[in-house]
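Enquirer: Quick one, structure for this:
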Amino acid sequence: MATAEQIKSLLLSHYKNDSDRFTSIALQVAAHEARKGHMSIAKEIKALIDKAKTDGFKVIKINPNLEDLVLVYYPEIGLENLVLSEEIRNKLLRIIREYDQREKITKFGLNIRRKVLLSGLPGTGKTATASSIAAELKLPLYVVMMDKLMTKYMGETSAKLRQVFDMMVSNRGIYLFDEFDALGASRGRDNEIGEMRRILNSFLQLIEQDQSESLILCATNHIKILDSALFRRFDDIINYKLPDQKIIKELIQIKLFKYLDNFSLDPIVEIADGLSHAEITNACNDALKEIILSNKSKVSEELLTTMIKERKMNFFNQ
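Expert: Next up is the predicted model:
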């Protein structure tokens, strides 16, 4: 096994985005294992390093000016764990399929669906969608923190936006502009200010000019307040709704399939009607935590009903 110092050095080089140092230490670990007679492990480590080089893998570097503005994730859970309507699932599969075969499409002078607006109430699956697409395409997910962009860098926001779009060229990935209405609100709203209008105009120009190979996803809870000029800049608009009773039942079954006692879910599904995907998932998690703490093996109808009712009370009292 790697020494404690080697592990610390690996972590340090990773967090400093020093790919050369990371590779050097990894090779040292391989040599260390070989000296101890662990030839199989040493060969595996070297094979991983060689594969990373041939695949063009590198430690992702973010512009230091954007480190607190753009968060990077490496999702591993794909669409199979998302409970969505057939319509939305088909749209997402189409985006993934087009991206996977983008060279075939662009040869005919056509553009793939690469700029997508996700609209819907909180908790209906917009952020989870971005994460799942990243996992399906094996790309990093970059989340642009709109609240920091619009407050901390007021007056410099257009410049920071340009840096984000430049980053899309150098760092291919899925870029999620969450809470997008903070930037995309209509230029004709009564409470607008000149700076916000300039920022929106800047974004309109940047997204229209963007020719990177990254996917741009913008998520909003308030599509009605978005500026009308935005819509034609997107290749697709996906509208998320609260789950119907069929999806509610499927959500509960997937989350609690090993722990559900033998009872009908139909009455609980009716109670849960009107809750978001996230609230239903949270209610199931609450029930699981309760049986763990109570040393029980199954979630009873009474317990799940109680947790759903609590979530519904909280949801509608917001």
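Enquirer: Going by C-alpha atoms from here, please, whenever you check contacts or count neighbours.
Expert: Fine.
Enquirer: Determine the three-state secondary structure at Tyr142.
Expert: strand (DSSP: H, G, I helix; E, B strand; the rest coil).
Enquirer: Tell me the spacing between it and Thr127.
Expert: Separation of Tyr142 from Thr127 (Cα to Cα, to the nearest Å): 11 Å.
Enquirer: More neighbours: which of those two?
Expert: Taking other Cα atoms under 10 Å, Tyr142 and Thr127 do not tie; Tyr142 has more neighbours (25 against 18).
Enquirer: so what's the more buried one bridging to?
Expert: Here Tyr142 sits in beta bridges with Val72, Tyr175, going by DSSP bridges.
Enquirer: Could you report the pLDDT at it?
Expert: Note for Tyr142: predicted pLDDT of 95.
Enquirer: Identify the residues contacting it.
Expert: Shown in contact with Tyr142 (Cα atoms under 8 Å, 6 or more residues apart in numbering): Val70, Leu71, Val72, Tyr73, Gly173, Ile174, Tyr175, Leu176.
Enquirer: and Ala130, how many neighbours?
Expert: Using other Cα under 10 Å: Ala130 sits among 28 other residues.
Enquirer: my guess is it is in a helix, correct?
Expert: Yes - according to three-state DSSP, Ala130 belongs to a helix.
Enquirer: so who does the residue nearest the centre of the chain touch?
Expert: In the chain, the centroid-proximal residue (Cα atoms, centre = their mean) is Ser131; its distance is 2.8 Å. Residues near Ser131 by Cα under 8 Å, 6+ apart: Pro75, Ile77, Gly78, Leu141.
Enquirer: next one: Leu183
Expert: Applying Cα under 8 Å, 6+ apart, we find Leu183 in contact with Met146, Met150, Met196, Ile199, Leu200.
Enquirer: same thing but 10 Å
Expert: 146-147, 149-150, 177, 196-197, 199-201, 203, 226-227 (Cα atoms under 10 Å, 6 or more residues apart in numbering).
Enquirer: Check the residues you listed for burial and list the buried ones.
Expert: Among those, those classed as buried by 16 or more other Cα atoms under 10 Å are Met146, Leu149, Met150, Phe177, Met196, Arg197, Ile199, Leu200, Asn201, Phe203, Leu226, Asp227.
Enquirer: Please identify which of the residues you listed is nearest to Thr23.
Expert: Thr23 lies nearest to Phe177 out of those, by Cα to Cα, at 32.5 Å.
Enquirer: how about the closest residue to that closest one other than its chain neighbours, secondary structure?
Expert: Closest residue to Phe177 in three dimensions, ignoring its sequence neighbours and counting by Cα to Cα, 6 or more residues apart in numbering: Cys218, at 4.7 Å. Secondary structure, three-state DSSP: Cys218 is strand.
Enquirer: Now for Cys218: which residues touch it?
Expert: Contact partners of Cys218, counting by Cα under 10 Å, 6+ apart, are 115-119, 126-127, 130, 144, 175-181, 184, 234, 237.
Enquirer: among those, which are in helices?
Expert: Lys126, Thr127, Ala130, Asp181, Gly184 (DSSP state H).
Enquirer: could I get those as a markdown table with distance to Leu275?
Expert: Output for the ones in helices among the contacts of Cys218, formatted as a markdown table (distance: Cα to Cα, whole Å):
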| residue | distance to Leu275 |
| --- | --- |
| Lys126 | 15 |
| Thr127 | 17 |
| Ala130 | 21 |
| Asp181 | 23 |
| Gly184 | 27 |
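Enquirer: Which member of those residues is positioned nearest Arg97?
Expert: Distances from Arg97 to the ones in helices among the contacts of Cys218, taken by Cα to Cα, are shortest for Ala130, at 15.1 Å.
Enquirer: so Ala31 makes contact with Ser40?
Expert: No - contact between Ala31 and Ser40 fails when scored by Cα atoms under 10 Å: they sit 11.5 Å apart.
Enquirer: quick one, which of these two is more surrounded?
Expert: Set Ala31 next to Ser40 and count neighbours by other Cα under 10 Å: Ala31 wins out with 19 against 11.
Enquirer: Is Gln211 in a helix, a strand, or coil?
Expert: Per three-state DSSP, Gln211 ends up coil.
Enquirer: From Asn282, how far out is it?
Expert: According to Cα to Cα, Gln211 and Asn282 sit 39 Å apart.
Enquirer: now do Ser294
Expert: With Cα to Cα as the criterion, Ser294 and Asn282 are 18 Å apart.
Enquirer: who's more crowded, these two?
Expert: Neighbour totals were compared for Ser294 and Asn282, and Asn282 leads with 16 against 9 (other Cα under 10 Å).
Enquirer: Please, where are all the helices along this protein?
Expert: 4-15, 19-35, 39-54, 86-100, 102-106, 126-137, 146-151, 157-170, 181-184, 194-209, 245-256, 266-272, 277-293, 301-316.
Enquirer: can you tell which of these is closest to His222?
Expert: Taking these one by one with Cα to Cα, helix 181-184 is closest: 6.5 Å.
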